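J.: Sequence first, then the predicted structure:
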Amino acid sequence: MDAFTIEGGRRLEGTTRINGSKNAALPLMAAALLTSEPVILRDVPDLADITNMKKLLDTLGCEVIESEKNAEPSLTLCARDQSQSHAHYDIVRTMRAGICVLGPMLARRGIARVSLPGGCAIGERPIDLHLRGLAALGAQISLDGGDVVATVPPQGLRGTTIFLGGPFGSTVLGTANVMSAAALAKGTSIIESAACEPEIVDLANLLNAMGARITGAGTPRITIEGVKSLHGATHIVIPDRIEAGTMMCAAAITNGSLTITNTPLDAMLAVTDRLVDLGVHIDILDNKDPMRATCRISSERILRPIRVTTQPHPGFPTDLQAQVMALLSIAEGNSIVTERIFPERFLHVAELGRMGAQLHRQGATVVVTGVRELHGAPVMASDLRASASLVIAALAARGTTVINRVYHIDRGYERLEHRLASLGAAITRTEGSA
Ligand code: EPU
């Protein structure tokens, strides 16, 4: 397994462009199963999770063609062969987002068999809300040999009102699944307590471009008037707000000055609010399109302690909790971080502790007592965002940090070491270490 070696203490400077969003691209790719015409996606990031989704779609009879026109790569997905309906464990277990083929496959093929993804490093991750939503549309659902088997009854899926709230708020991929299936149901569906994440808006935009009739995406009430069929479309994936937030934290912790283009600032208000409170400077240089803005992030590394509580969108995203904790670990005073989406998502706490961070966890809250500096240490990447927080901490730490098992980072950040090195970081990848 590969490792990163990072020599801390170098400022990040320069310009970097944010890639298309992983978490938008995955359900967009699955939506290609809703039609047999080509769906063309642009700005799909080159990540391990995306490669796994391509493999999964391929096993489901969806042709995947990568091409490049005028230096702009695009991904064409064409689900001509509708005969397969089994998303097997060996692929779904590598990528939890495999579950988002469930709704599209059910609606278009009448049957979907998807291996239950199981737990992951950040917690239990049930899919009861996905299943409840699909059952409300009339799907018959059973469990067989570790797979969810969903079938459409003879009368077809029927529009209805569906409540998708759970103990931790709504569900992003659950909303994607139910919205995709309802697009082909008979009649009107209303999803109440729908996820408001920008990735859901992006999916609704693609589905509407394919002929669906969806309004209200981005609010807790989404209305879907079912249509008989969907057709092909071309769509540009929104930029990745989590990658943008990660780069902002990296710039701030290194006392850097980074110009970030293609930044979805409009989807990051909770993040920029917290960073500004912390003492990070965010100068907006171009905001003509607030989902593709250019901004400059700089910091004197005089950081004030703050409170951060993760919440469903538009609140502070759980996917940036670990990265901001790395930054808070060198703020002056006590910060409080509370995780309200995945209460067990604290794998980074012990590893940051190995680098000298003073972190005291009680349940879903961590008190971060700022220290003057972090120091390099051998640490272990555990899940994607926890690993990103270790990279951020290492960029500022005194001495050398070796982060093992960086395949977690490759799931969500495209060639992160090349990008950071081009901005001034001393980071190298060692292949095949333990
Ligand atoms: N939940 C349920 N029942 C369900 C589904 C979810 O109780 O049926 C709970 C979860 O356990 C959690 C909360 O609801 O406590 C929210 O989970 P959600 O379903 O929204 O998560 P997800 O859709 O599986 C996506 C992202 C995650 C991100 C979460 C929350 C993708 C591929 N994944 O997961 O991204 O953390 O939304 O915003 O879009 C990441 O990129 O590192 C990542 C983990």
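T.: Structure's in. What do you need? Numbers count the residues shown, from 1 in each chain.

J.: Any regions of the protein where pLDDT drops low?
T.: Across the chain, residues meeting the criterion (pLDDT under 70) sit at 118-120, 433-434.

J.: Buried residues, stretch 85-105. List them.
T.: Buried residues in stretch 85-105, defined by neighbour count with 16 or more other Cβ atoms under 10 Å: 85, 87, 89, 91-105. C-beta: built from backbone N, CA, C; applies to glycine.

J.: Could you pick out the residues of this structure near the ligand for me?
T.: When proximity is defined by Cβ under 6 Å from any ligand atom, the chain lies next to the ligand at 23, 26, 97, 125-130, 166-168, 171-174, 195, 318-319, 341-342, 384-385, 412.

J.: Drop anything exposed from those.
T.: 23, 26, 97, 127, 129-130, 168, 171-174, 195, 318-319, 341-342, 384-385, 412.

J.: Alpha carbons only: can I get the helix or strand harbouring residue 321 in CSV?
T.: Per DSSP states H and E: residue 321 is located in helix 321-328. Extracted as CSV, the C-alpha positions of helix 321-328 are listed here (Å, rounded to 0.1, in the frame of the first residue of the first chain):
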residue,chain,number,x,y,z
GLN,A,321,-15.1,18.0,10.1
ALA,A,322,-11.8,16.2,10.2
GLN,A,323,-9.9,18.7,8.1
VAL,A,324,-11.1,21.7,10.1
MET,A,325,-10.1,19.9,13.3
ALA,A,326,-6.5,19.7,12.0
LEU,A,327,-6.6,23.4,11.5
LEU,A,328,-8.2,24.1,15.0
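
J.: for that helix, the distance to its chain's centre please.
T.: When distances are taken as Cα atoms, centre = their mean, to the nearest Å, helix 321-328 is centred 17 Å away from the chain's centroid.

J.: That one packs against which elements?
T.: Helix 321-328 sits against helix 241-253, helix 269-278, strand 307-309, strand 334-338, helix 347-354, strand 365-369, helix 384-396, with contacts defined as 3 or more Cβ pairs under 8 Å, 6 or more residues apart in numbering; DSSP states H and E.

J.: between that helix and helix 269-278, how many degrees?
T.: 10 degrees (axes from the mean of the first three to the mean of the last three Cα atoms, to 10 degrees).

J.: in stretch 348-357, what counts as buried?
T.: 348, 349, 351, 352, 353, 354, 355, 356, 357.

J.: need the contact list for the fourth one.
T.: Spelled out, that is residue 352. For residue 352, the contact set (Cβ atoms under 8 Å, 6 or more residues apart in numbering) comprises 325, 326, 329, 359, 374, 389, 390, 393.

J.: which residues sit in contact with the second one?
T.: Going back to what we said before, that points to residue 326. Contacts of residue 326 by Cβ under 8 Å, 6+ apart are 249, 253, 348, 352, 357, 389, 390, 392, 393.

J.: From the ligand, how far off is it?
T.: 15 Å (Cβ to the nearest ligand atom, to the nearest Å).

J.: Any figure for the gap between that residue and residue 314?
T.: 23 Å (Cβ to Cβ, to the nearest Å).

J.: Secondary structure class of the residue nearest the centre of the chain, three-state.
T.: A centroid search over the chain (Cα atoms, centre = their mean) returns residue 23, at 3.6 Å, as the residue closest to the centre. The three-state label given to residue 23 by DSSP: H, G, I helix; E, B strand; the rest coil is helix.
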